[in-house]
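Novice: Coordinates for the following, if possible.
(2 chains, ligands or ions: 2)
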There are 2 protein chains.
Amino acid sequence: LFTMVDAKAARPSLILTAEGVEAIRQSRQTRQTYSLFEASLEDAKTRVERSIAEGVLVPTPVDPGGGYTHERHKENYKVIHDAGILFQLLGDKRYLRHATDLLLAYAEIYEDLPLHPAQKRQSPGKLFWQNLNESVWLVHVVQGFDAIADALSDKDRATIEDHLLRPVADFLSLQNPETFQKIHNHGTWAAAGVGMTGYALHDPSLVERALLGLTGDGTSGFLAQLDQLFSPDGYYTEGPYYQRYALMPFVLFAQAIDHNEPDRKIFEHRDGVLLKAIDATIQQSYAGKFFPINDAIKEKGLDTQELVYAVAAAFTRTGRNDLLSIADYQGKTVLTGDGLAVARAVSEGAGQSFAFRTMMLRDGPDGDQGSLAILRMGDGPMAQTIVAKNTSQGMGHGHFDKLSYILYDNGREILTDYGAARFLNVPSKDGGRYLLENQSWAKQTIAHNTLVVNESSQFGGDWKRAQKYWPTVRYFEAGERLNVVSASLENAYPDTVIERTVVQLDHPAFAAPLLIDVMSASSQEKTTFDLPFYFDGQIVGFSGALQANTESRKPLGQAHGYQHLWVEATGQPTDGPIRFSWLNARRFYTLHAVAPEKTKPVFVRTGANDPDFNLRDQQGLILRSNGRKAVRFLSVIEPHGIYNPAAEFTAGSDSQIARIDHVFEAGADLIKIEMKTGEIIRLAISNDPDSEKTHRILSAGHEWAWRGFVTVLEEE
Amino acid sequence: LFTMVDAKAARPSLILTAEGVEAIRQSRQTRQTYSLFEASLEDAKTRVERSIAEGVLVPTPVDPGGGYTHERHKENYKVIHDAGILFQLLGDKRYLRHATDLLLAYAEIYEDLPLHPAQKRQSPGKLFWQNLNESVWLVHVVQGFDAIADALSDKDRATIEDHLLRPVADFLSLQNPETFQKIHNHGTWAAAGVGMTGYALHDPSLVERALLGLTGDGTSGFLAQLDQLFSPDGYYTEGPYYQRYALMPFVLFAQAIDHNEPDRKIFEHRDGVLLKAIDATIQQSYAGKFFPINDAIKEKGLDTQELVYAVAAAFTRTGRNDLLSIADYQGKTVLTGDGLAVARAVSEGAGQSFAFRTMMLRDGPDGDQGSLAILRMGDGPMAQTIVAKNTSQGMGHGHFDKLSYILYDNGREILTDYGAARFLNVPSKDGGRYLLENQSWAKQTIAHNTLVVNESSQFGGDWKRAQKYWPTVRYFEAGERLNVVSASLENAYPDTVIERTVVQLDHPAFAAPLLIDVMSASSQEKTTFDLPFYFDGQIVGFSGALQANTESRKPLGQAHGYQHLWVEATGQPTDGPIRFSWLNARRFYTLHAVAPEKTKPVFVRTGANDPDFNLRDQQGLILRSNGRKAVRFLSVIEPHGIYNPAAEFTAGSDSQIARIDHVFEAGADLIKIEMKTGEIIRLAISNDPDSEKTHRILSAGHEWAWRGFVTVLEEE
Ligand SMILES: [Zn+2]
Ligand SMILES: [Zn+2]
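Specialist: Residues are numbered from 1 along each chain as shown, chains lettered A, B, ... in the order given. Ligands and ions are numbered 1, 2, ... in the order given. Below you'll find the predicted structure:
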């Protein structure tokens, strides 16, 4: 370790490298400029010039997230970072001066700072209320320092190293061992900050601390995090919202490692798991936004700064031209050699549409803790997409949502996931923290498109218990016209097994793919099973009579999220199929359900027991089966028609399906979809992963035979 | 009349002219093509080719709006129109053949058709459920005929003229005198169809019937409509949603008149009212969508086909380059010489941003029936815009919304108007008609941002009575930093006078303009006054304690729309100022209200008594004053801050205003806004239109003096 670091002293050498600087200077000298790069350079200039005009503002830390001092220190780390890099790229000494002044101002106060007055209980910082922010601050600031270090006077450099960077690195590691040793994204940020400081200060002990943990034995630290936080498929257990955040310190520190110690082959580590993780992060998005599973802010998407870094790093290392379409969508890139390469390739028109695909991302360090299945049908980024969440709990930010799914179609979220109850950085909304309703509603099972047993959440709503179990993926198959994923869940409720098979079927009889969903459960006792469908749009049709609560409304229940649902209307218990249509923007959707006998449809809406107006408005239809030990719900979701009020054009607002029958026999499901045209589509699900076996089912005097887990049956 | 028509026989001569054809052919022969025009040409080709592939489909009329035969006959008129024009422009005889076949197929059946089986009670058609659709059909079809007439055999031409076009024209006029003689957009469409048929068939009697009405005395017909349906400012009394629809037959028929009888100078009629109406239609939009006042579908906007025609006609006749930005937004143009000119100018980069401006559109044929005031502050199409609706009732589609306003800011509707309760062409939603909730909710006064007296709608909700009265506009002024409109309403409630002054103030202390609103009313009896603010967004702050109805909800009232409002929460009656903040997408808004003593804030949400889920979700805050004879509400709406969860950046989520005081003395309002910085802004409203008089008000020992209706006072 020692010798390698000593051998690689040419600064800068973290994300921006001396070679990158040379390439950028040369490109600009020969007037070969590229719009993505220039736009990013202009952004940085604007930021730094504004800061120069404002002067050196390093206020005493007082405010929590969203407050003035919090935002000021956030802005300062970006300014120091950008000023250092601009000095390297443009040579303007005003940028050197400003970065130096800011760093010295921090060096002046940092060591004497107490813990932040608005400290979070568990992991306080000094500049910020939590040390996570302090790690992020260090990761950026040390890059700015690295860019100007050789131009500093020895005295200034020593002051900044000894009274700022090293103290921050020590604070984040030695003085916060709990965070630092955690196998968690907070730990990765801390490791990245400490390790990058090690490279910048030519201090191998800091690098070793970052890589192998405080004890030096590798049980914690960056490498352990890389081994344990991502699954072999590059899935991060907390889900995409945290994945894109967790990815950043991995991507940044890995680049610094690669630039300083290429022999570590960090990007090849674990069969290239970091590059897989970057791909997986992009795969977990629709229409530019991340799937909002677990504690997720729904607005977050591919244009986030974290992914700008990731795309540049991945493009250099893979040459994948389809990453360029993401860079183009982002509209910016990083001010490094990698960023230059991305900008040049985009300018030269080398970009291709990103290869979104059907895939299963296994969860868990060894890939055996369930999975996130992403089923896609159709071309391009707007292809119909089903996200089946059969993952493990995902720690404290996980939701009790196993076997749930989200349906995206026609560019929009059709069957929705609520995401998190949180207004990021809004002081009046509990300081921008996760709201109480995140726990009481957003995390609960009833807030998701999955089965709820006896009005209680999976694992009793106890995430630590939930952390020990995960669904078993029974089957996954991706095909040209048929995708399927099937999983079972055994420990979420006492003596209860739940299974769900989700099929995405592209059939010529339909303009858009169908979602076919068989959800079953069996228990030892007579049970209440609730199967919710949270839809976005306006209700335009329902098959049975509804008793609407027009003059008064009550909550559906008392706990586990039920207290937040107003009962809007209730249908009669029915034995026949249920048909429910809604209109989402420009397309209609019909849910056809063949539910257990005496199933009662209940229309609900969020907003009950929400005295502070913390919940967003969300409607749902719950299919409620009461007093049975075992249930089997067949649901078919059919997109249809066009609604275009601007052009005064509406067509196909009625379902094309006349009738659906469901036979379950000898472990197999036979689903018969009868079109209004008379055409019949039969789907058989054997529920048997053995592809060799022949399955038979008798229906209406006809014996059907097939092989495989799921098949469209053709008449002989 | 006779001689002029005879003199102008060179076909085509309706919208597309022989000169236009020549210009287009020449332009294409010299390969000077322009993308807007070519895109529109491609659209037409696609439509006609698809129809040729499908064959001649002229089904017996059966279905209401949205159904198959309805949509087929709609599509057919476009096909006949486009095929005729394509034949002229491209010379391809396949288009001639297809247009001819369709026309002959219609000629075969039309005369024997009974009234449509799903006829609307008042004005049935034969091809369609209402004759309005039939008029629209004729306006298009006759253009297709006009384009191919000279290429037809004498026999075919005679068949089409005698058994289709003339019978349709007679059906729409002689056999439907009630519609034809109505001063109403249905009448205009009928007149346009009949008149254009007159020109195409070289039959001056049809032209005269269209221009002067059935009796020929000009009491009805196109000219009467042009005189009576638009105000001198080009405002159409039903509002912009119907204006853009009503505009089309005016624009089309006027062009046909201009091409056949230029001496009529129809575009100069009434001081150029038609061109004013086109401009007014565009002015009545924000972010591309029309102001949703009266019965309006909110999705309708500037890209509607009606405006494509209007923009091309206006560009040719005015040369206004700012119309080109609208054409560019539309992404298409018409296939005429005017359209070619638009496309060429757009291609050559001649376009300028549309000149949206602050203006008052007077209502009524003589401009003395109230007005629509549009206050704008800021640059470009996203400038903050306040729409103050002080117009007359606007007939049967009018809402009881006098003195209400809409606030747009930052590209979005902030204080909203519900628009219509209707799902256009959706069969399951009452056939796509206006829903019952349009009457019971959308039209009612409580559905709007205006004062409601004793829980009842203006004019008792009787539009025929409402039609007789309108607000008096007391004052209007447009300035660089201050816009103001003030109006009073006397007859909406017994013995009650209501006045409202709306000020838009751009002050350097604020990032965005303030809306300052003084609403007053006086009555003879103790009265309940409700002042609602319907907001879009999430509630993020409220100044007082709220009693939230967390476990059960009841409607606010029993009738006049109150039955549709759930009471979500109620505040304590308060004497102090009320402060309410919400978050809309990326910006925060705070309403500061200084209300009468003991005013009770009530948060409401639509959805009560809505058994068919016909209402959209809409939240509002109602300020309720109970038991006073006179009230004066001061409301200041302050946009502030940035919310950007994607970039994890939030700033300025708190109002910058510390306190607001309101003094009303000797008929004048003194409003003191105290900023958190200590800065004080004083606004004085004299309520006196006399600009010469000096007004004085004493406040806290200081006497303020000023001239004018409204002024920002400066300390001496
Ligand atoms: Zn969730
Ligand atoms: Zn309205």
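
Novice: All the helices of the stretch 251-400 of chain A, residue numbers only.
Specialist: For the stretch 251-400 of chain A, applying DSSP state H, counting those that start in this stretch gives helices covering A:269-283, A:305-318, A:323-330, A:337-347.

Novice: wait, which of the ones you listed is closest to residue B:646?
Specialist: helix A:305-318 (9.6 Å; CB to CB). Using the backbone N, CA and C atoms, a C-beta is placed for each residue, glycine as well.

Novice: could you dump the helices of the stretch 251-400 of chain A to CSV with mean neighbour count, mean pLDDT and distance to residue A:132?
Specialist: Output for those, formatted as CSV (neighbours: other CB atoms under 10 Å in any protein chain shown; pLDDT from 0 to 100; distance: least, CB to CB, whole Å):
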stretch, mean neighbour count, mean pLDDT, distance to residue A:132
helix A:269-283, 21, 97, 19
helix A:305-318, 23, 96, 14
helix A:323-330, 22, 97, 24
helix A:337-347, 23, 96, 26
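
Novice: Distance of the one residue in chain A that gets nearest to ligand 1 relative to ligand 2?
Specialist: Residue nearest to ligand 1 within chain A (CB to the ion): residue A:399, separated by 3.6 Å. In this structure, residue A:399 and ligand 2 are 40 Å apart, going by CB to the ion, to the nearest Å.

Novice: what's around that residue, how many residues?
Specialist: 31 (other CB atoms under 10 Å in any protein chain shown).

Novice: Can you tell me how far the closest residue to it other than its chain neighbours is from residue A:422?
Specialist: Nearest non-adjacent residue to residue A:399, counting by CB to CB, 6 or more residues apart in numbering or on different chains: residue A:443, 4.8 Å away. Remark: distance between residue A:443 and residue A:422 (CB to CB, to the nearest Å) = 12 Å.

Novice: For those two, list the residues in contact with both.
Specialist: residue A:295 (CB atoms under 8 Å, 6 or more residues apart in numbering or on different chains).

Novice: Of those two, give the one with the bigger neighbour count.
Specialist: More neighbours surround residue A:443 than the other of residue A:443 and residue A:422, with 27 against 21 (other CB under 10 Å).

Novice: before we move on, the earlier item: between the helices of the stretch 251-400 of chain A, which gets nearest to ligand 2?
Specialist: helix A:323-330 (38.5 Å).

Novice: Nearest residue to the spatially most central residue of chain A in space, please, no chain neighbours.
Specialist: Residue closest to the average C-alpha location in chain A (CA atoms, centre = their mean): residue A:240, at 1.7 Å. Closest residue to residue A:240 apart from its sequence neighbours, by CB to CB, 6+ apart: residue A:284 at 3.7 Å.

Novice: my guess is that neighbour meets residue A:247, correct?
Specialist: No: taking contacts as CB atoms under 8 Å, residue A:284 lies outside contact range of residue A:247: 11.2 Å.

Novice: Compare those two and say which is more crowded by neighbours.
Specialist: When neighbours are counted by other CB under 10 Å, residue A:247 comes out ahead of the other of residue A:284 and residue A:247, with 28 against 22.

Novice: Next up, the contacts around the more buried one.
Specialist: A:236, A:277, A:278, A:281, A:306, A:307, A:310.

Novice: what sits against the residue of the stretch 201-350 of chain A found nearest chain B?
Specialist: Closest contact between the stretch 201-350 of chain A and chain B, by CB to the nearest CB, is at residue A:299 (4.3 Å). When contacts are counted by CB under 8 Å, 6+ apart, residue A:299 touches A:289, B:645, B:646.
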